[in-house]
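A.B. asks: Sequence first, then the predicted structure:
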Amino acid sequence: MKLYRFAVPLLALMSAPVILTGCADLSAQEKTKAEKAEAKKATPQRDRFAAVQIKSEELAPGVAVLFGAGGNIGVSHGEDGTVLIDDQFAPLTGKIQTAIADLGAAPVKFLINTHWHFDHSGGNENFGKEGALIMAHDNVRIRMAGEQTSGRGNDPASPAEALPVITYADGIKLHLNGDMVHVKHMPSGHTDGDSIVYWEKANVLHMGDLYFNKVTLPFIDTNSGGNAVGMLEAANMALEMINDDTKVIPGHGPMATKADLMAYRDMLENVVGAVKSARDAGKSLTEIQAMKPAADYDTNPNAFIKGDAFVEAIWKSLENAQE
Ligand SMILES: [Zn+2]
């Protein structure tokens, strides 16, 4: 059972387009959880994606973000070809390709996965079959090549066309479209294969799921090697790379600024610090959850990760760090 703890909320996060529009819309949702579960059972997956629209926003000349269902997509396009950062779900590939064409961009030549989760890599097989060169951290390929436990149960191994063909340990730099794109691995944060992507000239940063902006408390996938302490370190490292003008693409949620990311880092520091102090003082997980150390930030009743789950993930992270 333990492995399926996130099953229902994870599926909801990854398949519900409404979550990407922010807290206000989420709080306006009227359906009860039971109603939503019923609706999900009755609606085939393809129909759920049929209603999804891909919205694009230009962030700098030749750099854009696409919002749809699943993880936010970064796009770089220009004379050297189109680079995509993450690709949401397979049924959305056609719509994503249309949105890319509408930007005036060529078909995807390079694809980077910020991590292995299926709402960020679900389109890999489609793009891979059409010739995109897929890159990601070493652990993304390892996890996608085998069966994984995720929010929808066990994910089967991905087909060969979906796997990253260029993998890296620490990062990779792309010299494309007149910019220098830094792809940097952040060890053990949301998973054990996270990368952030920074366009130096365009001054745009894609954080992957190391950063959910406003929609929920952080999700630390401890089943995939994620760790709260690493997530905090990643936020600190990202902040060192950017300035007040940087446009920050979160893994989920609306666009953010450096100030938003700083507030998120402060939240992580406060809650991780509080859980660690209490744990070091001998308190049990249940006792710490009762102290509600994340209460100030646990403001969205429909959030995918609520305070108790966040505290438990931090507890597990600290436990794993000791092993
Ligand atoms: Zn994720």
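C.D. replies: Looks like it came in fine.
A.B. asks: what helix or strand is the residue nearest to residue 231 when sequence neighbours are not counted on?
C.D. replies: Distances taken as CB to CB, 6 or more residues apart in numbering place residue 189 nearest to residue 231, at 4.1 Å, with adjacent residues excluded. For glycine as for every other residue, the C-beta is placed from the backbone atoms N, C-alpha and C. Element membership for residue 189, per DSSP states H and E: none, as it lies in no helix or strand.
A.B. asks: show me what contacts residue 189?
C.D. replies: Residue 189 makes contact with 210, 220, 226-227, 230-231, 233-234 under the criterion CB atoms under 8 Å, 6 or more residues apart in numbering.
A.B. asks: Check residue 127 too.
C.D. replies: Here residue 127 is in contact with 84, 87, 93, 108, 111, 134 (criterion: CB under 8 Å, 6+ apart).
A.B. asks: Next one: it from residue 112, what distance?
C.D. replies: According to CB to CB, to the nearest Å, residue 127 and residue 112 sit 11 Å apart.
A.B. asks: Which neighbours do those two have in common?
C.D. replies: 84, 134.
A.B. asks: quick one: stretch 176-193 to chain centroid distance?
C.D. replies: 13 Å (CA atoms, centre = their mean, to the nearest Å).
A.B. asks: at contact distance from the ion, anything in that stretch?
C.D. replies: No: Stretch 176-193 does not reach the ion (CB under 5 Å from the ion); its nearest approach is 5.5 Å.
A.B. asks: buried sites along that stretch?
C.D. replies: Going by neighbour count (16 or more other CB atoms under 10 Å), the buried part of stretch 176-193 is 176-177, 179, 181-193.
A.B. asks: Which ones among the residues you listed lie within strands?
C.D. replies: 176, 179, 181-186 (DSSP state E).
A.B. asks: Make CSV from those and add pLDDT to it.
C.D. replies: Shown next, in CSV, are those (pLDDT from 0 to 100):
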residue, pLDDT
176, 97
179, 98
181, 97
182, 98
183, 98
184, 98
185, 98
186, 98
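A.B. asks: Nothing else from me, thank you.
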